[in-house]
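Undergrad: coords below, sequence missing:
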């Protein structure tokens, strides 16, 4: 007898189990019963699909089983048999059913459909629904695909710090981290908060990017990546922003912007393909219930080269396309979501790299182009999302880097170690950041970032 | 001609490159030259070992190359040839050397040995040294091994939140996270800080464990794991504690303490074996220069079953062993590091699970044993480190869980969603936490946690 078979194995290795007595454990998703027999759909958590269990009144606890509330947990012993004329390919004919945990009958996830808004209020239970079961298994498999992609090429996974004394991009509101007694904080002689008494002896924040730290490791290990949480204390209440989200930040040495774009394209293609191969049931579900064009779009991405356009050319396309945008387009503006989506969804109709942005709208560390007006930056725009990746070749020339920092009033002393990377064996190097949640939205078709994070943190929201 | 070959490939796929013209890029580790020829040891970041490059005065920039400071970056074109009578197996005979980035001659990592203490002050450069190159590549490979181990068994990787309104274990100092103006914080009528005006509308901290959130996902996906940063604001300045560290927390449903220990043992064995297979050069280095008995110890762990002893029996062993401990041993005490190390290093001489601890020294969520005095907890102790894993079977019985919370004055309302897991289809379930840094210390033989974290955060230390 097979002990405790997983439902995943019933579907993936069916022939190993057919005709045999097996034991499964799991939770009731649906149950209907007459006086003579009944059907239970059981989900055991290991697989997107349920397994049907048939039981009859030869079981001594038939009546008790017949009345079980859904979500109760069971152990079922029975035989796996094919059901050629039914919707499902096979079922378990139960010889014994043991109740492990009886659910209350007020279980909130009854069969009727719920709004995603409502399901957010029961974030501890929503992964038991079809949609969120699919989302969060895909999230896990996609995360693994990212590790697999980089590790197979021997990139070094680098844990850059979450707590930091420096603001990497000089942009974005940061969260302060402290152990001071806020009711009675220590003060200096002139009445300021005395951070020398704080845990780290100075002001400390949550990281907005691991990039600068990542560069230090790229200049030792050549190719590295980070994959960890980052934070923005922006008071924006959109479907695309969260205060806590996960970023993937590869950084590669002896590599220019072209190498950087190739890596980004290879990575994205790899991850999408891996998820489609490993989670066909989930992708099918999304395609049917969440986003009708999903499979077509993902196949298109996997099978076609990404487009490339310079910022300057993109601006020309937008100005001459005959479309009226809410934000008018002029060379020098930061592209808005409406512009990005027009480019990727309507003009190119596929993912597009926009390159060589004006220096004034990009960060200090991006490499100055020879025109002295633009920098070797690239953003990857994808249909349905807009920007999913932002990156650049890094400025490796110490004099130019210092000049740019001076223009932006950045204090060299705060970046002494970053500057030293340019003193001790600098090479051209590049990197990018991928917003992991945006990738999951892209792969699943889900349209709100709150629905691809297990327990989302947004303005006014840190429950669970 | 092979374009840009990695040094890793020269060592791992030597026959593909022997006799061929290849191009490599990398950094100078050592350089010595006469008037006629010279030798450069180059490390390209992709591999622990260097490649030797031989060059002679037929190169037009021979003199310039001869005087290069170490850490300068180069591109080398040449032929890979075997060197049967030399220490290294092969070398590159250079036909062209291009300087990519000239290093300053005051590069701090000169050939002489540096203390680990000094190297911590140049955390941005230390991964370029042999020891830290080995440590942080092993850290990366071990992290991947953990993902691989769980994903191959289809565990769902779950990103539990970093920002949290609840203190999971009710223990440990937490970091407060805020966007309030600390100089002039908003106050309520009675003069308290008004956290309703803070970013999340209430007091929010950095997580100390993802376990409670993890349990919610285990009761949907059956088997899950977390792997992310956790935080303790403890003012302890030891070699084993950091304020920011990474934890691995699997949580498994339909599983008791025995299943839990089996998983922990399988995981640890898998990860150690994977690292030994993937990083033989690094492990050899640690064995030679950091910890002479390392390979023997790791092999011993991989090839022998872990020991098991109840807390009650462990106390008897300690009381009757004839050793005088700093902290006297009595049933009911929390085992100290000296006790743990005696058990694992001297009594059992291998990893040992200590189980069934007194309830009063363990957390509220651990499952009460029938003796009503102990709980179904387990700590895994390993030689050289002490505790590396702590876990338990979770209390699934709602009435007993509530009773325990009342005894500890925990507010049920704060845990409403955790308690609901017991209402809606509870099963026996278990889990544990692995301190990832302690694992790396164990695998490498490094004795200070500051030396296995790229940019460590400890009391008074958040530089870089």
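TA: That came in fine, so what should we check first? Note that the coordinates shown come from a computational prediction; the quantities given were computed from them, not determined experimentally.
Undergrad: now the helices for chain A?
TA: A:7-12, A:14-17, A:62-66, A:116-120, A:130-152, A:211-221, A:257-278, A:280-289, A:294-303, A:311-319, A:337-341, A:398-407, A:416-423, A:436-444 (DSSP state H).
Undergrad: looking at those, which is closest to residue B:372?
TA: Residue B:372 lies closest, by Cβ to Cβ, to one member of those: helix A:62-66, at 29.7 Å. Placement of C-beta: from N, CA and C, glycine included.
Undergrad: quick check: buried residues in that closest one?
TA: Going by neighbour count (16 or more other Cβ atoms under 10 Å in any protein chain shown), the buried part of helix A:62-66 is A:62, A:65, A:66.
Undergrad: from the chain's centroid, how far away is it?
TA: 42 Å (Cα atoms, centre = their mean, to the nearest Å).
Undergrad: hmm, that helix in reach of chain B?
TA: No: Helix A:62-66 does not reach chain B (Cβ under 8 Å from any Cβ of the partner chain); its nearest approach is 14.2 Å.
Undergrad: name the helices or strands packed onto that helix?
TA: Packing partners of helix A:62-66 (3 or more Cβ pairs under 8 Å, 6 or more residues apart in numbering or on different chains; DSSP states H and E): strand A:21-33, strand A:37-43, strand A:51-56, strand A:90-101.
Undergrad: now the stretch 101-250 of chain A, which segments are flagged as low pLDDT?
TA: Across the stretch 101-250 of chain A, the ranges flagged by pLDDT under 70 are A:166-172.
Undergrad: the same query, at a cut-off of 90, please.
TA: Applying pLDDT under 90 to the stretch 101-250 of chain A flags residues A:110-113, A:165-173, A:234-237, A:240.
Undergrad: so what's the closest residue to chain B within it closest to, chain neighbours aside?
TA: Proximity of the stretch 101-250 of chain A to chain B (Cβ to the nearest Cβ) peaks at residue A:222, 2.9 Å away. Residue nearest to residue A:222 in three dimensions, not counting chain neighbours: residue B:45, with 2.9 Å by Cβ to Cβ, 6 or more residues apart in numbering or on different chains.
Undergrad: can I get the helices and strands packed on helix A:62-66 in JSON lines with mean neighbour count and distance to residue A:231?
TA: Shown next, in JSON lines, are the helices and strands packed on helix A:62-66 (neighbours: other Cβ atoms under 10 Å in any protein chain shown; distance: least, Cβ to Cβ, whole Å):
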{"stretch": "strand A:21-33", "mean neighbour count": "20", "distance to residue A:231": "35"}
{"stretch": "strand A:37-43", "mean neighbour count": "21", "distance to residue A:231": "34"}
{"stretch": "strand A:51-56", "mean neighbour count": "20", "distance to residue A:231": "41"}
{"stretch": "strand A:90-101", "mean neighbour count": "18", "distance to residue A:231": "37"}
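Undergrad: which one, of those, ends up nearest to residue A:208?
TA: Here strand A:37-43 is closest among the helices and strands packed on helix A:62-66 (Cβ to Cβ), at 38.8 Å.
Undergrad: does chain B sit close to the closest one?
TA: No: for strand A:37-43, no contact with chain B is found by Cβ under 8 Å from any Cβ; the gap never falls below 8.7 Å.
Undergrad: distance of the residue located most distally from the centre of chain A from residue A:93?
TA: Relative to the centre of chain A, the most outlying C-alpha is that of residue A:58, 48.6 Å out, by Cα atoms, centre = their mean. Here residue A:58 is placed at a distance of 11 Å from residue A:93 (Cβ to Cβ, to the nearest Å).
Undergrad: please parse chain A into its domains.
TA: A:7-101, A:128-161+A:217-451 (the TED database).
Undergrad: pick the most deeply packed of those domains.
TA: For those, average neighbour numbers computed from mean count of other Cβ atoms under 10 Å in any protein chain shown are highest in domain A:128-161+A:217-451, which has a mean of 19.
Undergrad: what is the end-to-end distance of it?
TA: With Cα to Cα, to the nearest Å as the measure, domain A:128-161+A:217-451 spans 14 Å from end to end.
Undergrad: got it, and stretch A:374-391?
TA: 14 Å.
Undergrad: so what's the gap between it and the chain middle?
TA: Using Cα atoms, centre = their mean, the offset of stretch A:374-391 from its chain centre is 16 Å.
Undergrad: and what of stretch A:84-94?
TA: The mean C-alpha position of stretch A:84-94 is separated from the chain mean by 36 Å, Cα atoms, centre = their mean.
Undergrad: what is the rounded mean pLDDT of it?
TA: Mean pLDDT, stretch A:84-94: 93.
Undergrad: what residues does it touch?
TA: Defining contact as Cβ atoms under 8 Å, 6 or more residues apart in numbering or on different chains, one finds that stretch A:84-94 is touched by A:10, A:14, A:18, A:22, A:24, A:51-55, A:59, A:76-83.
Undergrad: contacting residues around residue A:50?
TA: By Cβ under 8 Å, 6+ apart, the contact list for residue A:50 reads A:7, A:29, A:30, A:41, A:42, A:43.
Undergrad: repeat that with 7 Å
TA: If a contact means Cβ atoms under 7 Å, 6 or more residues apart in numbering or on different chains, then residue A:50 has A:29, A:41, A:42, A:43 as its contacts.
Undergrad: repeat for residue A:189
TA: Neighbours of residue A:189 in contact, by Cβ under 7 Å, 6+ apart: none.
Undergrad: now do the phi/psi pair for it.
TA: Here is the backbone geometry of residue A:189 (degrees, to the nearest 10): phi -60, psi -40.
Undergrad: quick one: low-confidence ranges for the stretch 251-400 of chain A?
TA: In the stretch 251-400 of chain A, residues with pLDDT under 90: A:304, A:383-385.
Undergrad: OK, contacts around the residue in it positioned nearest to chain B?
TA: Nearest residue of the stretch 251-400 of chain A to chain B (Cβ to the nearest Cβ) works out as residue A:254 at 4.4 Å. Contact analysis of residue A:254 by Cβ under 7 Å, 6+ apart lists A:427, A:428, B:25.
Undergrad: would you turn those into JSON lines with distance to residue A:281 and pLDDT?
TA: Shown next, in JSON lines, are those (distance: Cβ to Cβ, whole Å; pLDDT from 0 to 100):
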{"residue": "A:427", "distance to residue A:281": "45", "pLDDT": "95"}
{"residue": "A:428", "distance to residue A:281": "44", "pLDDT": "96"}
{"residue": "B:25", "distance to residue A:281": "45", "pLDDT": "98"}
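Undergrad: closest to residue B:270 among the residues you listed?
TA: residue B:25 (34.9 Å).
Undergrad: so that closest one makes contact with residue B:45?
TA: No: Residue B:25 is beyond contact range of residue B:45, at 9.4 Å (criterion: Cβ atoms under 7 Å).
Undergrad: excluding its backbone neighbours, what's nearest residue A:42?
TA: Leaving out its chain neighbours, the residue that sits closest to residue A:42 by Cβ to Cβ, 6+ apart is residue A:26, at 4.2 Å.
Undergrad: and the pLDDT for that neighbour?
TA: pLDDT, residue A:26: 98.
Undergrad: quick one: it from residue A:93, how far?
TA: 16 Å.
Undergrad: likewise for residue A:173?
TA: Noted for residue A:173: a distance of 60 Å to residue A:93, by Cβ to Cβ.
Undergrad: next: residue A:43.
TA: For residue A:43, the distance to residue A:93 - Cβ to Cβ - is 19 Å.
Undergrad: I figured residue A:108 was touching residue A:122, is that so?
TA: Yes: applying Cβ under 7 Å, one finds residue A:108 in contact with residue A:122, separated by 5.6 Å.
Undergrad: between these two, what contacts are shared?
TA: By Cβ under 7 Å, 6+ apart, no residue touches both residue A:108 and residue A:122.
Undergrad: picking up where we left off before, turn the helices of chain A into a markdown table, columns for distance to residue B:450.
TA: Putting those into a markdown table (distance: least, Cβ to Cβ, whole Å) gives the following:
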| stretch | distance to residue B:450 |
| --- | --- |
| helix A:7-12 | 42 |
| helix A:14-17 | 50 |
| helix A:62-66 | 58 |
| helix A:116-120 | 40 |
| helix A:130-152 | 25 |
| helix A:211-221 | 16 |
| helix A:257-278 | 32 |
| helix A:280-289 | 42 |
| helix A:294-303 | 43 |
| helix A:311-319 | 43 |
| helix A:337-341 | 43 |
| helix A:398-407 | 29 |
| helix A:416-423 | 16 |
| helix A:436-444 | 29 |
